[in-house]
Each structure stands twice: as structure tokens, then as C-alpha cells.
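Participant: Here is a sequence with its predicted model. Questions after.
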Amino acid sequence: MNNAVRVRFAPSPTGLLHIGGVRTALFNYLFAKANDGQFILRLEDTDRERFVEEGVEQIIQSLDWLGLHPDEGVWYEQKPGKHGPYIQSQRLHHYREYAEKLIQQGLAYKSHITPEQLGSLREQAIINKTPFVFKQHMEPDGQDNHSEPLPIRLCVPEGVTKWSDEVRGSFSTPHNLIDDFIIIKADGYPTYNFANVIDDHLMQISHVIRGDEFISSTAKHAMLYDMFGFERPQWVHLPPILGPGGNKKLSKRDGDVDVLDYKSKGYLPQALLNFLVMLGWNDGTTQELFSPQELIDKFSIDRIQKSPAVFDITRLGWLNGEYLRNKLTQAELVEGIKPYVPASWLEDMDYFKRVLELDRERIKRFDEAGYIMEIFFDTPKVDMALLCKKDSQQLVRQWLKSTITALGDCQPTHDGVETTLRELCDKLDVSAGRLFYVLRVALTGRTEAPGLFDIIITLGKDESIRRLQALL
RNA sequence: GGUCCCAUCGUCUAACGGUUAGGACACCAGAUUCUCAAUCUGGCAAUGCGGGUUCGAUUCCCGCUGGGAUCACCA
């Protein structure tokens, strides 16, 4: 019972869920599932100034799209769970209660120093090139009356805090390096450093899996656990994901604003997850493709990477194509592409499916389907310069005419068309390459398309002839 | 600047101290010959530097260099 695995993903709705957040959520999810544990979604909304209204909804939708469903905590409808509420702004009484305990023991105090005063102390320290750590004795004198609300600071005792991370190893931080940090802000809300400890304890979190930006504040958390006599969780800090340059964390500047963007661009959640899991983890073999279940079966903390990984979207593109080509049933493919093509294309579903199979290996993302498939639904505009790029207009004209008559009485099968057209090449004394180029452009307006015979039989003899006729 | 972390092909990464340092993406070439795509074959390409320890370092230790994180009444 006591070694039950309980992990949480605890985003702050101060923005939208981005790639880094998803990777963190994924690792938490996999670890929970791999150990028959609970995956909890908690909202850390204690920053009322930067709170983004649509953030909560977007976070839930993102996780839902990716299939990272929590067992407990926040969801469209509150998930059952006996440790709620799971939204920090609804848990203020807990933080107050624990802060009060600390105050009574003399381990925390109301701080009178203003941000301005603190700021100038820090500036002074920088000028003097001396390290600056704020402690209670630096509080200004004459701290009397003013009734405005004050923040509460932890009175960091002397000593050293040691802790260890499951992927990085041991850390040791002397307390003289730690500020008397704020645990309850003047507005009554707790800071992350405080709330996270209280909640993780109350919710019986066994493993704290999070981004490595928290590594330097973990000593504070460990210290708090000790001061309260709470059992410490295991810490697992994930390596950062770097932007394309490889020299800074992936950020909005790299287009990493909202994972739902990947959905609208036509990426598959399985592909995105498969891609993300490889950023900082591998199973030790050369396997590249993992189903969600395989991931759960194989995931383990001891194979998490220490070093950062660069986000390479080319690789995501490859993976997505791989899934589109080999992992999706036709029905799933149709379903996925639906939103990206005109509804009218779907009226003749058999035809749509035939076109789809023809183009399947050409589609890397759903959003490309419209462009790739449109030549089978709309009469293309043909650029004369392109059509006559390799041969004179006169010649092209003649070829088109001959093709129309040849097509007129040929078998409407792939082989029938092939035989007919190759015979035509002989008759016209022209290479297949030249004639087929002209026909492809004439029929599709493009130089890149499926095989010519496939185009003709899919389009149908009549439609093909009609298109050629129209050109003349 | 203080504290801490990290370091294998361009990228994701593999390698009980002993391998011709492996795979994948990307790239290039060839094959399939009607283009593109897909597929197959081949190729290019890495242990940051300097010291140790060792019979032997990608691997262990130290220094350097480089990169990153963090130093808020943000998380």
C-alpha cells in the first residue's frame, strides 16, 4: 500500500500546453501505467496574474487527444479521487494550515521587506560582486502597524539538505545558499515551492517526475518535507528539450506554443508520442517504432537520458508518415483525413477510398491530403508552358489527339491502358518518357502524381478523355 | 557573476574497460526505368581538448573548453 505508485502531471494554466509539457505528462503516464499506479492531473493555478482562462480547457483537450487520460484529478468532469480538490486555488486552507504550523514553531514569519527594498539589496550585491541570500535578520527595522497583507517566508535553518534524483544522482545544498523564500504570497496564495510539497504529500505522490528546471529548487522541497516530517517522494528530473538550434530550450519562438497545433497540422497522436518518448529515453535496442502498449511495457526510469535532446521536426515527419502508411487501417485513415477535404469528395466513398489508396504513401500529414488528392476531384488548371516544356505545342496537340482516339477503344484496365499507350508510343515514334510527361501534365496539371495508368483508370476513360478534349 | 547540471555522426541514440564505435532520421548515389512518393542497395558522417588510472579507455578520475538550468510575492 505504501509503495503504491502515484504520479502527477501538474501544469500551470498560465499558457497553453506545449511540447515539453506533453513529454513530461507522457513520462508520468507511462511510469504510472508500467507500475499499475495512478496518474493524477492537478492544476497549479496559484499565479492569478498570469492565469489564462482557456488554458485549463486546452490542457484537458490536449491530453485527451493524446490519450493521456488521468486516473484521478482534473478532467472535463472531475475524476473520482479521495484527495481532491485537485485545483490549487481550491486548496488554500491546506496551505494556510501548514504555514500556520510553521509560524507557530518559529519556522516561518511574516515578511515586511518590500520587493523594492529587496531588489535594491540584490542590485547592491551584484555591484559588490558578493553572493546575496536573504535571511530573516535582514528584515527592515521598525516593522510596525501597516495593515496591508504580508507574505510569509520560511525561516531556513542552518544545515545542509541532501537529496537524490533517480536520473542525476546525489545533491547536497548548504542552507546558507538558500533564501528565506516566500511560501505564502501577500495575496494569500502559496508559491509553487510550498504548494507542491503540501499537495504531493497530501495526495500521496510517490514519484515526482518533472522538467529539470526544477532541479535547483528541489533542495527547498526536500527541506520542507523534512521540516514537516513528511516522507520524501522519489525525484525524477527529465532532461530538457532543446530548440532546433540545439542551444536553448524549445520555446514559443520555435513555434512551440500549443500541442493542439500538431493536431491541426495533421500529426497523429501515436506518432507524436512515439517521437517524444525517444527524446530522453530509449529501450536499449534499435527499435524505433513503439505502440502505446509497448511503451508501457518497456518504459523504465533507469533508461532516461541525462543529456538534453534537440527537437527535430523532420524526424517527427518521418514517424508520422510511417504511421500513416503502415499503422492505420483504411477506416482510420479516412476518418483522419475527413476534416481536411471538402465534404463533397466523400459522397462517393468508394471512389474516395480508391484515390486514397493510390495516394496513401504520398501523404505524410493529414493536412496534405487535400492538395495531393484534389486532382481526382477537380479539373486541374493546366499551365501551357509546363505542358509544352519538353515538346512543341504542335507536337503535343497531335499526341493528345492520338491519345484520345487510342483511349477510345482500349480496355479500361491498368494493363489495357498500359498496352494501348505503349503501342501509341511506337506508333508516334516517341519515348514513353516524353509522351507520358505530356499526358500527366494534361490530366493533372502536375509533374508529380501517381502512375499514369492508375490516374487514367481511376479517373475513368471518359473523364480522362474529357480532360484531354478540353485542353484541345 | 554564484550554485548546479550536461557532453558519441548535422539530429535522435546504442555500445559489463577490450566492437572495423552499431542503428535510425536527414543527406548523397544506384536500382525499380512514365514523374513524385514508397521500397531495396550502397555511401558520407561522431567519441570536444589535455592530463591521468589501466595491458587496454567512448566508458573511471581531474582540469579545460563548450553548452544548458537556476538564482521572483512564476511555475
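Facilitator: Ah, there it is.
Participant: What is the subsequent helix or strand relative to the helix-or-strand element of chain A with minimal mean pLDDT?
Facilitator: Every helix and strand of chain A was ranked by mean pLDDT, DSSP states H and E. The lowest is helix A:115-128, at a mean of 89. Moving toward the C-terminus from helix A:115-128, the next helix or strand (DSSP states H and E) is strand A:152-154.
Participant: can that next one be found next to RNA strand B?
Facilitator: No: using Cβ under 7 Å from any atom of the strand, strand A:152-154 stays clear of RNA strand B, with a minimum separation of 8.4 Å. Any C-beta I mention is one placed from the backbone N, CA and C, and that applies to glycine too.
Participant: Now do that strand, average pLDDT.
Facilitator: Averaging pLDDT along strand A:152-154 yields 97.
Participant: Just the buried positions in the following helix or strand past that strand, please.
Facilitator: Following strand A:152-154 in sequence order, the next helix or strand is strand A:160-165 (DSSP H and E). Neighbour-count burial for strand A:160-165 flags A:161, A:163, A:165 (criterion: 16 or more other Cβ atoms under 10 Å).
Participant: Whichever strand or helix holds residue A:406 vs RNA strand B: in contact?
Facilitator: Assigning secondary structure by DSSP H and E places residue A:406 in helix A:393-408. No: figure legend: helix A:393-408 not in contact with RNA strand B (Cβ under 7 Å from any atom of the strand); closest approach 13.3 Å.
Participant: Give me the contact list for the helix or strand following that helix.
Facilitator: Next along the chain after helix A:393-408, taking DSSP H and E as the criterion, comes helix A:414-428. For helix A:414-428, the surrounding residues in contact (Cβ atoms under 8 Å, 6 or more residues apart in numbering) are A:398-399, A:402-403, A:406-407, A:410-411, A:431-432, A:435-436, A:439, A:452-454, A:456-457.
Participant: and these, which are buried?
Facilitator: With neighbours counted by 16+ other Cβ under 10 Å, the contacts of helix A:414-428 contain buried members at A:399, A:403, A:406-407, A:410, A:435-436, A:439, A:452-454, A:456-457.
Participant: Residue A:252: what's it in contact with?
Facilitator: residue A:18.
Participant: what does residue A:327 give?
Facilitator: Going by Cβ under 8 Å, 6+ apart, residue A:327 touches residue A:270.
Participant: switch the cut-off to 10 Å
Facilitator: Contact analysis of residue A:327 by Cβ atoms under 10 Å, 6 or more residues apart in numbering lists A:268, A:270, A:271, A:274, A:289, A:291, A:333.
Participant: And the buried ones among those, selectable in PyMOL?
Facilitator: Command for PyMOL that selects the buried part of those, burial taken from 16+ other Cβ under 10 Å:
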select buried, chain A and resi 268+270+271+274+333
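Participant: RNA strand B: which of the contacts of residue A:327 is nearest?
Facilitator: Of all those, RNA strand B sits closest to residue A:289, with 8.9 Å by Cβ to the nearest atom of the strand.
Participant: Confirm for me that the closest one is in contact with residue A:283.
Facilitator: No: applying Cβ atoms under 10 Å, one finds residue A:289 not in contact with residue A:283, separated by 11.4 Å.
Participant: one step back: hmm, which of the buried ones among the contacts of helix A:414-428 is lowest in pLDDT?
Facilitator: residue A:410 (88).
Participant: what about stretch A:299-307, start to end distance?
Facilitator: End-to-end distance for stretch A:299-307: 18 Å, by Cα to Cα, to the nearest Å.
Participant: ok, that stretch near RNA strand B or not?
Facilitator: Yes: for stretch A:299-307, a contact with RNA strand B is found by Cβ under 7 Å from any atom of the strand, at A:303, A:305, A:306, A:307.
Participant: buried residues in that stretch?
Facilitator: For stretch A:299-307, by 16+ other Cβ under 10 Å, it's A:299, A:301, A:304.
Participant: which bits of the stretch 101-250 of chain A sit near RNA strand B?
Facilitator: Residues of the stretch 101-250 of chain A lying near RNA strand B (Cβ under 7 Å from any atom of the strand): A:111, A:114-115, A:118, A:122, A:129, A:131, A:150-151, A:168-169, A:171, A:173, A:177, A:179, A:181-182, A:185-187, A:189, A:191-193, A:212-217, A:239-240, A:242, A:246-249.
Participant: From those, keep the buried residues only.
Facilitator: Buried residues within those, counting neighbours by 16+ other Cβ under 10 Å: A:111, A:118, A:150-151, A:168, A:171, A:173, A:181-182, A:185, A:189, A:191-193, A:212, A:214, A:239-240, A:242, A:249.
Participant: so where's chain A shaky on pLDDT?
Facilitator: Filtered on pLDDT under 70, chain A yields the residue ranges A:1-2, A:142-147.
Participant: in the stretch 151-300 of chain A, which spans are strands?
Facilitator: A:152-154, A:160-165, A:169-174, A:182-184, A:207-211, A:234-238, A:241-242 (DSSP state E, counting those that start in this stretch).
Participant: Alpha carbons only: can I get the second one in CSV?
Facilitator: Listed in CSV are the C-alpha atoms of strand A:160-165, where the atom choice follows Å, rounded to 0.1, in the frame of the first residue of the first chain:
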residue,chain,number,x,y,z
VAL,A,160,22.6,21.1,4.7
THR,A,161,20.0,19.3,2.7
LYS,A,162,20.9,16.2,0.8
TRP,A,163,18.7,14.5,-1.7
SER,A,164,19.0,12.4,-4.7
ASP,A,165,17.5,12.3,-8.1
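Participant: Report the angle between it and strand A:207-211.
Facilitator: Interaxial angle, strand A:160-165 versus strand A:207-211 (axes from the mean of the first three to the mean of the last three Cα atoms, to 10 degrees): 90 degrees.
Participant: roughly how far is strand A:160-165 from the heart of the chain?
Facilitator: Strand A:160-165 sits 32 Å away from the centroid of its parent chain (Cα atoms, centre = their mean, to the nearest Å).
Participant: With the fourth one instead?
Facilitator: In terms of Cα atoms, centre = their mean, the centre of strand A:182-184 is found 32 Å from the chain centre.
Participant: same check, this time on the third one
Facilitator: With Cα atoms, centre = their mean as the basis, strand A:169-174 stands 32 Å off its chain's centre.
Participant: Against which helices or strands is it packed?
Facilitator: Strand A:169-174 makes packing contacts with strand A:160-165, helix A:218-228 when contacts are defined by 3 or more Cβ pairs under 10 Å, 6 or more residues apart in numbering; DSSP states H and E.
Participant: Throw the ones you listed into JSON lines and include distance to residue A:55, thanks.
Facilitator: As requested, the helices and strands packed on strand A:169-174 are exported to JSON lines (distance: least, Cβ to Cβ, whole Å):
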{"stretch": "strand A:160-165", "distance to residue A:55": "29"}
{"stretch": "helix A:218-228", "distance to residue A:55": "24"}
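Participant: Tell me which of the ones you listed approaches residue A:102 most closely.
Facilitator: Residue A:102 sits nearest to helix A:218-228 of all the helices and strands packed on strand A:169-174, at 7.2 Å, using Cβ to Cβ.
Participant: export the buried residues of stretch A:299-307 to a markdown table and tack on distance to residue A:352?
Facilitator: Formatted as a markdown table, the buried residues of stretch A:299-307 follow (distance: Cβ to Cβ, whole Å):
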| residue | distance to residue A:352 |
| --- | --- |
| A:299 | 39 |
| A:301 | 46 |
| A:304 | 44 |
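Participant: closest to RNA strand B among those?
Facilitator: Nearest member of these to RNA strand B, counting by Cβ to the nearest atom of the strand, is residue A:304, at 9.0 Å.
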